[in-house]
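S.K.: Model the following, please.
(2 chains)
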Amino acid sequence: DVKVTQSSRYLVKRTGEKVFLECVQDMDHENMFWYRQDPGLGLRLIYFSYDVKMKEKGDIPEGYSVSREKKERFSLILESASTNQTSMYLCASNSRSGYETQYFGPGTRLLVL
Amino acid sequence: RKEVEQDPGPFNVPEGATVAFNCTYSNSASQSFFWYRQDCRKEPKLLMSVYSSGNEDGRFTAQLNRASQYISLLIRDSKLSDSATYLCVVRSNTGNQFYFGTGTSLTVIP
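M.R.: A predicted model of the protein is given here:
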């Protein structure tokens, strides 16, 4: 069974704080992704990575950075949290090969005050 | 133009009804297709993959029409537990990106 875990289910931070969201997958997947999901806007891709130390910007990378030092772990960093970054953050992973689908972690609900 | 478009609904149907969701995608070279289900305040989970020949899983039937770039999901004999948001998902031809529709909301009413 594929397992994607995220470090926190709920987080409350203050404006200007640095925020780390961690994601770990146990299926040796090459590809990992960070999305945010907001009502009416659906899932929006922030960053993705298809190998260790590799990263690619998604549709909305501004205000975020990522780190992938190990294959199983993909971290999302909010350098200076702002209220408009209040959202549900979802990590996902998939195998690069074939037609396999993407598997999601349980999500982190971040509130920035 | 969005990569994937679907009617957001909401669809409110009585128990036992048949309901169909549709989705269109813009990249004709897209590689593979899926329907996900997302419950309130939870992560999306794979419901079923969509194959060119069409495929069925119990009360759920998925169809793909590559010529029209169109994907559908049919739910027969709706149950209360089917209430959720259904997301149409397309995997790019490079295999590295997934494109999500905004989801269609379904509520099954007793």
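
S.K.: Can you read off the pLDDT for residue A:101?
M.R.: For residue A:101, the pLDDT comes out at 86.

S.K.: Please report phi then psi for residue A:85.
M.R.: With angles defined as degrees, to the nearest 10, residue A:85 sits at phi -100, psi 0.

S.K.: who's in contact with it?
M.R.: A:36, A:63, A:78, A:110, A:112 (C-beta atoms under 8 Å, 6 or more residues apart in numbering or on different chains). Yep, even glycine has a C-beta here, placed from its N, CA and C like the rest.

S.K.: In the sheet, which residues pair with the residue of chain A found nearest chain B? Tell me.
M.R.: At 3.6 Å from chain B, residue A:42 is the closest residue in chain A, using C-beta to the nearest C-beta. Per DSSP bridges, the residues bridged to residue A:42 are residue A:38.

S.K.: three-state assignment of the closest residue to chain A within chain B?
M.R.: Nearest residue of chain B to chain A (C-beta to the nearest C-beta) works out as residue B:102 at 3.6 Å. Applying DSSP: H, G, I helix; E, B strand; the rest coil to residue B:102 yields a three-state assignment of coil.

S.K.: Spatially nearest residue to it, not counting backbone neighbours?
M.R.: Spatial nearest neighbour of residue B:102, chain neighbours left out: residue A:42 (3.6 Å); criterion: C-beta to C-beta, 6 or more residues apart in numbering or on different chains.

S.K.: That neighbour - how many residues pack around it?
M.R.: By the criterion of other C-beta atoms under 10 Å in any protein chain shown, residue A:42 has 20 neighbours.

S.K.: Give me the distance between it and residue A:12.
M.R.: 24 Å (C-beta to C-beta, to the nearest Å).

S.K.: Kindly report the same for residue A:89.
M.R.: 14 Å.

S.K.: what's the overlap in contacts for the two?
M.R.: residue A:110.

S.K.: Who has more neighbours out of these two?
M.R.: Under the criterion of other C-beta under 10 Å, the comparison of residue A:89 against residue A:12 puts residue A:89 first, with 24 against 11.

S.K.: chain center to stretch B:2-12, what's the gap?
M.R.: Averaging C-alpha positions (C-alpha atoms, centre = their mean, to the nearest Å) puts stretch B:2-12 9 Å from its chain's average.

S.K.: All the strands of chain A, residue numbers only.
M.R.: Using DSSP state E, the strands found in chain A span residues A:4-6, A:10-13, A:19-25, A:31-38, A:42-49, A:56-57, A:64-70, A:73-78, A:87-94, A:103-104, A:108-112.

S.K.: Residues of chain B that sit close to chain A?
M.R.: With C-beta under 8 Å from any C-beta of the partner chain as the criterion, chain B meets chain A at residues B:31-32, B:34, B:41-46, B:49, B:87, B:89, B:91, B:95-98, B:100-103.

S.K.: Low-confidence regions, chain A specifically.
M.R.: A:98 (pLDDT under 70).

S.K.: Enumerate the residues of it near chain B.
M.R.: Residues of chain A lying close to chain B by C-beta under 8 Å from any C-beta are A:31, A:33, A:40-43, A:45, A:48, A:50, A:88, A:90, A:92, A:94, A:96-97, A:99, A:101-107, A:109.

S.K.: Residue B:4 against residue B:97, yeah?
M.R.: No: Residue B:4 is beyond contact range of residue B:97, at 11.4 Å (criterion: C-beta atoms under 8 Å).
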